[in-house]
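Visitor: based on what follows, work out the 3D shape:
(2 chains)
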Amino acid sequence: MVLNQEYRCDGTEEVAHLAQHNIIVTTLEKMWNWGRARSFWPLSYGCNCCPIEMMAAGGARFDIARYGYEVFRASPRQADLLLIAGPISLKMAPVVKRVYEQMPAPKWVLAMGNCATSGGPFRDGYSILPGADSLFKVDVFVPGCPPRPEALFHGLLELKKKVEQGQY
Amino acid sequence: MEHWFLNIAHWLTSWLVSLGLAPVWAEVILLVGQWTCIVGIITLNVLVLIWLERKVAGFMQQRLGPNRLGPYGFFQTIADTLKLLTKEDIIPSQTDKLIFKIAPMFFIIVSVMLYAVLPMGQDMAVVNLNVGLFYFISVGSLSTICLLMAGWGSNNKWSLLGAMRSVAQMISYEIPLAFSLLGVVMISGSLNLSDIVQAQHNLWFILLQPVAFITFFIAATAELNRGPFDMPEAEQELTAGAFTEYSGMRWALFFLAEYTNLVAVSALAATLFLGGWQGPFLPSWLWIILKTYLIMMVFMWLKWTFPRIRMDHLMSLSWKVLIPISLVNIVLTGAGIEIFRWMGW
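Guide: Numbering: from 1, shown residues only, chains lettered A, B, ... in the order given. This next block holds a predicted model:
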């Protein structure tokens, strides 16, 4: 195991030595995650009030494009992030589930607003699911009724941290 | 500066011949090198163009556009590319698998083929074809078939509807596109793109053929599926048109090909109407790049200014407005040429 000892890259000295010679040391997974975390293309789902805030986030005052997340795709095949911004009724649940399954991996879900996180005011109703997490794994919850665009950005940046660390 | 690339090519050929290679094989290797350069330039150019498009969109809508990654958000496209490279490659079970897989490849091959005849500087066309303009138009119309392949192969109603729409649109706009270029051909008397550039030595054709330029520009926007004519991608009605079922890198290939087409058509417009590589002080290859980028900026300006046009309005614009205008333009150009000849110019 002489080779292994020679080329093992665990000491900081060795990394510092490499860095002096302008060599960037990274793993492939880190590089992919760097890219993934900076380019969520959202697929939006919503009812009425949260989507208005979502549109405001895309508009001039807040501008979601600064982070590079403005490419809203209509087809789930090209989306990375399912933005659930509204209550999921029992009738709609299989459709949302299907849309989620149509998205190519790796994919993430962000629940925006109280209805998507917990069912909100409709929680005990007969026709509304108590939160999007009863359908699939949700990565980030953004509470609020509706949450402001800044809150949505905060949620997206939290998701970015999560993806960068590979915790998904 | 002017002869940098030509000198490299000459040096490479003579070096290969001095190695004892037959001149024919040296030419073949040079051709492969030229194509590699073209593909490389296209890919790098698209990286810049997507960033530029998003920045221009931001500027038009009083936003900032991407600005978190690198200077002015320049590395945003790189992050997007890394992500698209690692997305799952979904091929739905009920698709026509062969057609579904080869449609994006076909699309990109067709759009790269357009670059064969474009003069990217003095004596810098890969093939100096005597029917260059005809070649460009006929190869350019092949991309219609690729869209139809994508729509048919996907076995999805949105895909098929979107593909049918874009085929109808592109076939209708092919006619005014070709007609508006006839005026230029009549004046210069040649289909060779290098000869057309030479004919604009004294006067750019945009001044002789302003109507043809406008008709060409509108028809080209529709041909590129861009701007107010992006019917195949009408998200509200058709999800993503012919590309609905494509994910990850296959979809990215379509995107790449669309931008490749955009650059090619802009370069053609610069060649035919803005004097091509001719210009003072700067080297010829720099002039054609500057003019191409100018025209591309106008394309982006149009795209982010106008709302999407309705399908029936789109068709009637082509058949009732653009085709008559371009036909009248041909007649007037012919009459003008005869009058000038009669006056002895």
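
Visitor: who are the contact partners of the residue nearest to B:Asp195 when sequence neighbours are not counted?
Guide: Nearest non-adjacent residue to B:Asp195, counting by Cβ to Cβ, 6 or more residues apart in numbering or on different chains: B:Ser188, 6.3 Å away. Bear in mind the C-beta positions are built from the backbone N, C-alpha and C, glycine included. If you count contacts by Cβ atoms under 8 Å, 6 or more residues apart in numbering or on different chains, B:Ser188 has them with B:195-196, B:199-200, B:205.

Visitor: distance of the nearest residue to B:Phe100 once chain neighbours are set aside from B:Ala9?
Guide: Distances taken as Cβ to Cβ, 6+ apart place B:Gly153 nearest to B:Phe100, at 3.8 Å, with adjacent residues excluded. Applying Cβ to Cβ, to the nearest Å, the value for B:Gly153 to B:Ala9 is 40 Å.

Visitor: neighbour-wise, which of these two wins?
Guide: Comparing B:Gly153 with B:Ala9 by other Cβ atoms under 10 Å in any protein chain shown, the one with more neighbours is B:Gly153, at 24 against 16.

Visitor: residue contacts, the more buried one?
Guide: B:95-100, B:103.

Visitor: repeat the analysis, applying 10 Å as the threshold.
Guide: B:Gly153 is in contact with B:91, B:95-103, B:159-160, B:163, B:242, B:245-246, counting by Cβ atoms under 10 Å, 6 or more residues apart in numbering or on different chains.

Visitor: flag every residue of the stretch 151-300 of chain B that's near chain A.
Guide: B:154, B:156, B:158-159, B:233-241, B:243-248, B:250-252, B:255 (Cβ under 10 Å from any Cβ of the partner chain).

Visitor: can you give me the distance of B:Gly274 to chain A?
Guide: Actually, residue B:274 is Leu rather than Gly. 32 Å (Cβ to the nearest Cβ, to the nearest Å).

Visitor: correct me, but that residue touches B:Tyr293?
Guide: No: between B:Leu274 and B:Tyr293 there is no contact under Cβ atoms under 10 Å: 11.5 Å.

Visitor: re earlier: let me know the pLDDT of the residue nearest to B:Asp195.
Guide: On the pLDDT scale, B:Ser188 is placed at 86.

Visitor: next one: B:Leu49
Guide: 90.

Visitor: quick check: which element contains it?
Guide: Per DSSP states H and E: B:Leu49 is located in helix B:23-60.

Visitor: what residues does the residue nearest to B:Leu142 when sequence neighbours are not counted make contact with?
Guide: Closest residue to B:Leu142 apart from its sequence neighbours, by Cβ to Cβ, 6+ apart: B:Val110 at 4.7 Å. By Cβ under 10 Å, 6+ apart, the contact set of B:Val110 is B:139-146, B:257, B:260-261.

Visitor: of all the residues you listed, which two lie farthest apart?
Guide: For the contacts of B:Val110, with distances taken as Cβ to Cβ, the pair at the greatest spread is B:Ile145 and B:Thr260 (16.5 Å).

Visitor: ranges for the strands of chain A?
Guide: A:42-46, A:81-85, A:108-112, A:140-142 (DSSP state E).

Visitor: could you dump those strands into a markdown table and include distance to B:Gly183?
Guide: Listed next are these as a markdown table, based on distance: least, Cβ to Cβ, whole Å:
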| stretch | distance to B:Gly183 |
| --- | --- |
| strand A:42-46 | 46 |
| strand A:81-85 | 50 |
| strand A:108-112 | 54 |
| strand A:140-142 | 58 |
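
Visitor: any chance of those strands in CSV, plus mean neighbour count, distance to B:Ile78 and mean pLDDT?
Guide: Below are the strands of chain A laid out as CSV (neighbours: other Cβ atoms under 10 Å in any protein chain shown; distance: least, Cβ to Cβ, whole Å; pLDDT from 0 to 100):
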stretch, mean neighbour count, distance to B:Ile78, mean pLDDT
strand A:42-46, 22, 20, 88
strand A:81-85, 26, 19, 90
strand A:108-112, 25, 20, 91
strand A:140-142, 23, 25, 91
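
Visitor: mind telling me what element the residue nearest to B:Leu142 is part of?
Guide: helix B:97-113.

Visitor: what do you get for B:Ala125?
Guide: Going by DSSP H and E, B:Ala125 is not in any helix or strand.

Visitor: residues touching it, list them.
Guide: B:115-119, B:132, B:192-194, B:197, B:271.

Visitor: identify the residues contacting the residue of chain A found nearest chain B.
Guide: Across chain A, the shortest distance to chain B (Cβ to the nearest Cβ) belongs to A:Gly35, at 2.7 Å. By Cβ under 10 Å, 6+ apart, the contact list for A:Gly35 reads A:163, B:75, B:78-86.

Visitor: would you turn the residues you listed into a markdown table with secondary structure?
Guide: Listed next are the contacts of A:Gly35 as a markdown table, based on DSSP: H, G, I helix; E, B strand; the rest coil:
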| residue | secondary structure |
| --- | --- |
| A:Val163 | helix |
| B:Phe75 | coil |
| B:Ile78 | helix |
| B:Ala79 | helix |
| B:Asp80 | helix |
| B:Thr81 | helix |
| B:Leu82 | helix |
| B:Lys83 | helix |
| B:Leu84 | helix |
| B:Leu85 | helix |
| B:Thr86 | coil |
